[in-house]
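# attaching a predicted model along with its sequence, questions to come.
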Amino acid sequence: MRKQPSASRPVPAAGEGMRGEKGHLPYLLAQANGAVRLSLERAFADLDVTLPQFSVLTMVHAYPGVSGAELARLTLLTPQTINLIVRNLERDGLIVKTPDDVHGRIIHIEITDKGRQLRQKCRTRADLMEKQLVDGLSEAEQRTIRRWLVRVTQSLHEKMADADQGVH
């Protein structure tokens, strides 16, 4: 006798079932991150800017003279990805690279005026999306969420560093 296939349940929409308040926090963070990323990618599409490029421009603007290795850590991208992005941004005149006076292998990266203008256009669009994220939240709730996200990051980074050093 053949087994009848079980009736599959419909996949819930975002905010429902395990994709809602009953979901696991790591999944919910990833789901939210994916929604934010897609929203920003769409917001930047007509500017021909990717989210990783915007991240690099933002960090170079915030930390003038940053190195490629530091950019990789700041943007959560691999050094290989950073090299490609930096090469493309430099080709487009959005950043400039200069070798370190002492350590020639270290390259410092600066944003150009053209890069600042493009970053500001992206920043304006990102700010609009951020307003949507916090719509309906009080200032105190926003501070609580920001503190929690920072604490999660710090805690997990400390645990990874301890594990890397063999501390249990």
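That came through fine.
# in what helix or strand does Lys97 lie?
strand 95-99 (DSSP states H and E).
# and whichever helix or strand comes after that strand, what's buried?
Stepping forward along the backbone from strand 95-99, the first helix or strand reached (DSSP H and E) is strand 107-111. Buried residues in strand 107-111, defined by neighbour count with 16 or more other Cβ atoms under 10 Å: 107-109, 111. In short, each C-beta sits where N, CA and C put it, glycine included.
# mind giving me the domain split of this structure?
What the record gives for the chain is the domain set 25-135, 136-168, from automatic domain parsing.
# end to end, how far does the longest one reach?
When you say that, I think you mean domain 25-135. Distance between the boundary residues of domain 25-135 (Cα to Cα, to the nearest Å) amounts to 21 Å.
# surely Asn88 is in contact with Gln53?
Yes - applying Cβ atoms under 8 Å, one finds Asn88 in contact with Gln53, separated by 7.4 Å.
# pLDDT on the longest helix anywhere in the chain, on average?
With DSSP state H applied, the helix covering the greatest number of residues in the chain is identified as helix 139-164. Over the span of helix 139-164, the pLDDT mean works out to 91.
# tell me the buried residues in that helix?
Using 16+ other Cβ under 10 Å as the burial criterion, none of the residues of helix 139-164 qualify.
# which helices and strands does that helix pack with?
Using 3 or more Cβ pairs under 8 Å, 6 or more residues apart in numbering; DSSP states H and E as the contact criterion, no secondary-structure element is in contact with helix 139-164.
# can you list the low-confidence ranges for this structure?
Counting by pLDDT under 70, the chain contains low-confidence residues at 1-7, 167-168.
# so where do the helices sit in it?
Residue ranges of the helices in the chain, as given by DSSP H, are 25-44, 51-62, 68-75, 79-91, 113-134, 139-164.
# what's the most buried one of these?
Most buried of those, by mean neighbour count (mean count of other Cβ atoms under 10 Å): helix 51-62, with a mean of 20.
# what is that helix packed up against?
Contact here means 3+ Cβ pairs under 8 Å, 6+ apart; on that basis helix 51-62 packs against helix 25-44, helix 68-75, helix 79-91, strand 95-99, strand 107-111, helix 113-134.
# about what we covered before: dump the buried residues of strand 107-111 into CSV; add distance to Glu130 as well.
Shown next, in CSV, are the buried residues of strand 107-111 (distance: Cβ to Cβ, whole Å):
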residue, distance to Glu130
Ile107, 31
His108, 29
Ile109, 25
Ile111, 21
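# quick check: of those, which lies closest to Ile82?
Ile109 (9.5 Å; Cβ to Cβ).
# contacts only, for the closest one.
60, 65-68, 71, 86, 95-97 (Cβ atoms under 8 Å, 6 or more residues apart in numbering).
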